[in-house]
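> From the sequence below, what's the structure:
(chains A, B, C and D)
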2 protein chains.
Amino acid sequence: MIPGMARTNPDFQNGVPELLLLRLLAGREMYGYELVKAIQTAAGETLRFGEGSIYPVLHGLQSRKLVSTRKQEVSGRVRIYYKITATGRKRLVEMAAEFRRTADAVRLVLGDGDAPA
Amino acid sequence: MIPGMARTNPDFQNGVPELLLLRLLAGREMYGYELVKAIQTAAGETLRFGEGSIYPVLHGLQSRKLVSTRKQEVSGRVRIYYKITATGRKRLVEMAAEFRRTADAVRLVLGDGDAPA
DNA sequence: TTTGATACCTGGAATATCCAGGTATATGCG
DNA sequence: CGCATATACCTGGATATTCCAGGTATCAAA
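Model (predicted):
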């Protein structure tokens, strides 16, 4: 492990970018750079995903038809707007449920739970 | 993607095996196979980690000195007992906190939160 | 003797995230 | 004008994690 090298796969964050993107797009159509900034604002210090993480996920969502795209030029710069599809909404619901189940299971083992018995 | 192939890195589970192992070992010394079974019991349907996932993590913990080991023969079979170290306990506390922070941040964005404002 | 449980292990595949770099346009400042 | 900064897009390669599928060996029960 060379110090300062890429620490990939941070603990517990696997799948989080996809979930966050779908969640944000469930509210309204947004473009890539806007999503990057929105995630930095919404998730703050704890979750930090840069462009290098977000754009590839966005392309994956597109190829799996969970989002649709539209190009638009705004004052000389091209933006690619992403819009969630019906399939995408279904996936969001599933992922959110999966997240809660996983988080609850871990909490249970950790002993934080409001576990009976 | 060939159907039936290994689906590695399931969403949200990154780092969970390590956290669970440290948590279980915080209670008492245990051996590998016992830990595998304990995780299957404790985490049930949701979190399912097989031997192929657990043993490598156990070896990683050992080489990082988060656990110490001891061999013992019990009725013809050799067991390797793992015991958490002081460093391991520190790591457990950190990981548990990290888990909660991450889970809370995601929940906040999902909108489950008891978020004010 | 064959099955199943116990108890350990690993190689290679698949996948996710991240750093560091890239391209290009517009805008503000000295 | 020249330069830095912000906007807006993108990718290659490194690193890390998990999992399947397979392996070894002992012991007990059928």
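
> now the host helix or strand of residue A:87, how far from the centre of its chain.
Assigned by DSSP states H and E, residue A:87 falls within helix A:86-110. On the basis of C-alpha atoms, centre = their mean, to the nearest Å, helix A:86-110 sits 13 Å off its chain's mean C-alpha point.

> Identify all contacting residues around it.
Applying C-beta atoms under 8 Å, 6 or more residues apart in numbering or on different chains, the contact partners of helix A:86-110 are A:15, A:18-19, A:22-23, A:25-26, A:61, A:65-67, A:84, A:113, A:115, B:11-13, B:16, B:19-20, B:23-24, B:42-44, B:46-47, B:96, B:99, B:103, B:106-107, B:110, B:112. Any C-beta I mention is one placed from the backbone N, CA and C, and that applies to glycine too.

> Only whichever of those residues are buried, select them in ChimeraX.
Selection command for ChimeraX covering only the buried members of those, criterion 16 or more other C-beta atoms under 10 Å in any protein chain shown:
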select /A:15,18,19,22,23,25,61,66,67,84 /B:12,13,16,19,20,23,24,43,47,96,99,103,106,107,110
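
> Out of the contacts of helix A:86-110, list just those in strands.
A:67, A:84 (DSSP state E).

> ok, the helix holding residue A:87 near DNA strand D or not?
No - residues of helix A:86-110 are not located near DNA strand D by C-beta under 7 Å from any atom of the strand, the shortest gap being 11.2 Å.

> burial count for residue A:28?
Here the number of neighbours of residue A:28 (other C-beta atoms under 10 Å in any protein chain shown) works out to 9.

> and it, how far is that from chain B?
14 Å (C-beta to the nearest C-beta, to the nearest Å).

> likewise residue A:60?
Separation of residue A:60 from chain B (C-beta to the nearest C-beta) stands at 12 Å.

> OK, contacts around that residue?
Contacts of residue A:60 by C-beta under 8 Å, 6+ apart are residue A:18.

> For DNA strand C, see how far away it is.
To DNA strand C, residue A:60 is 7 Å away according to C-beta to the nearest atom of the strand, to the nearest Å.
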